[in-house]
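> What would the 3D arrangement of this be:
(one chain, ligands or ions: 1)
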Amino acid sequence: MSLDAETLAQFLDTLDRFVKERLIPNEEKIAEDDAISPELVQEIRDMGLFGLSIPEEYGGIGLTMAEEVQAAFVLGQTSPAFRSLVGTNNGIGSQGIIIDGTAEQKATYLPRLATGELIASFALTEPEAGSDAGSLRTSARKDGDHYILNGTKRYITNAPRAGLFTVFARTDPSSKTSAGVTAFLVEAGTPGLSLGPIDRKMGQKGSHTCDVILEDCRVPASAIIGGPAREGLGFKTAMKVLDRGRLHISAVCTGAAERLIRDSLRYAIERKQFGEPIVEKQLIQAMLADSRTEAFAARCMIEETARRKDAGQNVSTEAACCKMYASEMVGRVADRAVQIHGGAGYIADYGIERFYRDVRLFRIYEGTTQIQQLVIARGMIKEAAL
Ligand SMILES: Cc1cc2nc3c(=O)[nH]c(=O)nc-3n(C[C@H](O)[C@H](O)[C@H](O)COP(=O)(O)OP(=O)(O)OC[C@H]3O[C@@H](n4cnc5c(N)ncnc54)[C@H](O)[C@@H]3O)c2cc1C
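Have a look, this model is predicted:
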């Protein structure tokens, strides 16, 4: 359901103030502690940020895709760790249930996901199956009206806090591809489910990933997303979820780029060399202009793709275009931001090097740039055949 223009504007304005007054001032502390304080997590819950994309009937805000990307542009203006905290509940952790879940699964999980009382993780990647996720090896062997899950999932965002995991496992051992993969909802605490140690990452401190290990983990057939009839259709659910997630991530990248451009411009205006502010130097202006142009291009393509998605069009190709362009773009913008800041860009006190490290992840997860290229090219070939 779409919010009326005034309500949306008010929400975005409140979110913008929250980002500026509460999140940005805490960025450095979160990076140092590698943790978001429980008080701040509570404030984020109170803002309703865990339920941005969860329908209102389940206690969320129920933003459309076009509205959600506006919120993500704002959230992207601060450390990606904050976005990551709420990201799985809004995206990959809840969308499978929203899109393909049974009425009972929706009623059981969505209200608690919307408030952030329950954190959801999306467990697709494995040690031997990353880009080629369809080749995953985690098995789900049928045992009466239950399944026995065995396997390891790798780099799972928010797994250390999660109360619910969407686990993708192979129910058809005769298939080696995405056919025969099923999506299960597995609650934390289920015997046989355990976690590995927290991964030590390059950036995005305060957001945590780890392995999810399944050893003879027994779940009922009713834990299949959409119920037993959707056995073998889990990969289809995963792909639908990724379309939305890619647009969301693209908007976060664009928000981060806009923040870096603002910080770079301010620094260039204040910093003097050769007797004048460096912003007067045309080579600095060129970097600023390139960054501004690219961030603007990303914003336009994301807004247009989100509108088309809300209109019911298939936007798989365009969402991949957005993810590839915006994640590569923010990498270039972050690199120029370091350059504009000179030595200060490399020193931790200014936070620019932190963003430079943080945004590097966007080119890797939810499909690497190379995988987006493949998705785009396949979409083009399909269109040509029509
Ligand atoms: C911090 C973090 C959080 C993550 N969160 C989650 C999560 O919550 N849930 C989840 O399921 N996963 C998650 N992931 C996993 C992430 O989605 C994968 O790391 C990513 O898809 C790449 O897989 P891989 O690491 O196995 O790399 P690989 O697939 O081994 O790729 C290595 C390189 O080969 C390239 N490559 C691979 N195949 C091709 C091809 N066909 N053509 C050209 N180039 C190719 C890739 O682009 C890349 O450059 C996370 C990862 C990280 C680092």
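> Please tell me how far Glu294 sits from the ligand.
Distance of Glu294 to the ligand, computed by C-beta to the nearest ligand atom, to the nearest Å: 21 Å. (Each C-beta comes from the backbone N, C-alpha and C, glycine too.)
> Quickly find the element holding that residue.
Applying DSSP states H and E as the criterion places Glu294 in helix 282-310.
> So for stretch 231-245, what gets flagged as buried?
Within stretch 231-245, the residues scored as buried using 16 or more other C-beta atoms under 10 Å are 231-238, 240-245.
> same thing with stretch 327-338?
Counting neighbours by 16+ other C-beta under 10 Å, one finds that the buried residues in stretch 327-338 are 327-331, 333-338.
> before we move on, what about stretch 260-269?
For stretch 260-269, the neighbour count (16+ other C-beta under 10 Å) marks 260-261, 263-265, 267-268 as buried.
> From the buried residues of stretch 231-245, list the ones also adjacent to the ligand.
Among the buried residues of stretch 231-245, no residue is within reach of the ligand (C-beta under 6 Å from any ligand atom).
> can you give me the strands for the stretch 151-300 of the chain?
Taking DSSP state E, counting those that start in this stretch as the test, the strands found in the stretch 151-300 of the chain are 164-170, 181-187, 193-198, 209-220, 272-273, 276-277.
> which other helices and strands contact the longest one?
Under the contact definition 3 or more C-beta pairs under 8 Å, 6 or more residues apart in numbering; DSSP states H and E, strand 209-220 sits against strand 146-157, strand 164-170, strand 181-187, strand 193-198.
> Need the winner for burial among those.
Comparing these by mean neighbour count (mean count of other C-beta atoms under 10 Å), strand 164-170 comes out on top with a mean of 27.
> Could you see whether the ligand lies near that strand?
No - applying C-beta under 6 Å from any ligand atom, one finds strand 164-170 separated from the ligand by no less than 7.9 Å.
> what angle separates that strand from strand 146-157?
Strand 164-170 runs at 110 degrees relative to strand 146-157, counting by axes from the mean of the first three to the mean of the last three C-alpha atoms, to 10 degrees.
> packing partners for strand 164-170?
strand 120-123, strand 139-143, strand 146-157, strand 181-187, strand 209-220, helix 234-270.
> could you dump the ones you listed to JSON lines with distance to Gly345 and mean pLDDT?
Shown next, in JSON lines, are the helices and strands packed on strand 164-170 (distance: least, C-beta to C-beta, whole Å; pLDDT from 0 to 100):
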{"stretch": "strand 120-123", "distance to Gly345": "34", "mean pLDDT": "95"}
{"stretch": "strand 139-143", "distance to Gly345": "48", "mean pLDDT": "96"}
{"stretch": "strand 146-157", "distance to Gly345": "28", "mean pLDDT": "97"}
{"stretch": "strand 181-187", "distance to Gly345": "43", "mean pLDDT": "97"}
{"stretch": "strand 209-220", "distance to Gly345": "27", "mean pLDDT": "98"}
{"stretch": "helix 234-270", "distance to Gly345": "9", "mean pLDDT": "95"}
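> so which of these comes closest to Ile99?
Closest to Ile99 of the helices and strands packed on strand 164-170 is helix 234-270 (C-beta to C-beta; 5.2 Å).
> mind checking how far that closest one is from the chain centre?
Between the centre of helix 234-270 and the centre of its chain there are 9 Å (C-alpha atoms, centre = their mean, to the nearest Å).
> same deal with stretch 135-145?
With C-alpha atoms, centre = their mean as the basis, stretch 135-145 stands 27 Å off its chain's centre.
> One more: stretch 325-338?
Stretch 325-338 sits 18 Å away from the centroid of its parent chain (C-alpha atoms, centre = their mean).
> got the contact list for it?
Identification of contacts with stretch 325-338 by C-beta atoms under 8 Å, 6 or more residues apart in numbering yields 249-251, 253-254, 256-257, 260-261, 263-264, 287-288, 290-291, 294-295, 297-298, 301-302, 345-346, 352-353, 355-356, 359-360, 362-363, 369.
> Filter those down to the buried ones.
Here, 16+ other C-beta under 10 Å leaves 249-251, 253-254, 256-257, 260-261, 263-264, 287-288, 291, 294-295, 298, 301-302, 345, 352-353, 355-356, 359-360, 362-363, 369 buried among the contacts of stretch 325-338.
> Need the max-distance pair from the buried residues of stretch 327-338.
Ser327 and Val338 (17.4 Å).
> Dump the helices and strands packed on strand 164-170 to TSV, plus distance to Gln105.
As requested, the helices and strands packed on strand 164-170 are exported to TSV (distance: least, C-beta to C-beta, whole Å):
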stretch	distance to Gln105
strand 120-123	12
strand 139-143	17
strand 146-157	16
strand 181-187	6
strand 209-220	12
helix 234-270	12
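> wait, which of these is closest to Ala35?
Closest approach to Ala35 among those (C-beta to C-beta): strand 209-220, 14.1 Å.
> re earlier: could you point out which of the buried residues of stretch 231-245 is nearest to Gly59?
For the buried residues of stretch 231-245, the minimum distance to Gly59 (C-beta to C-beta) is 19.2 Å, reached by Arg244.
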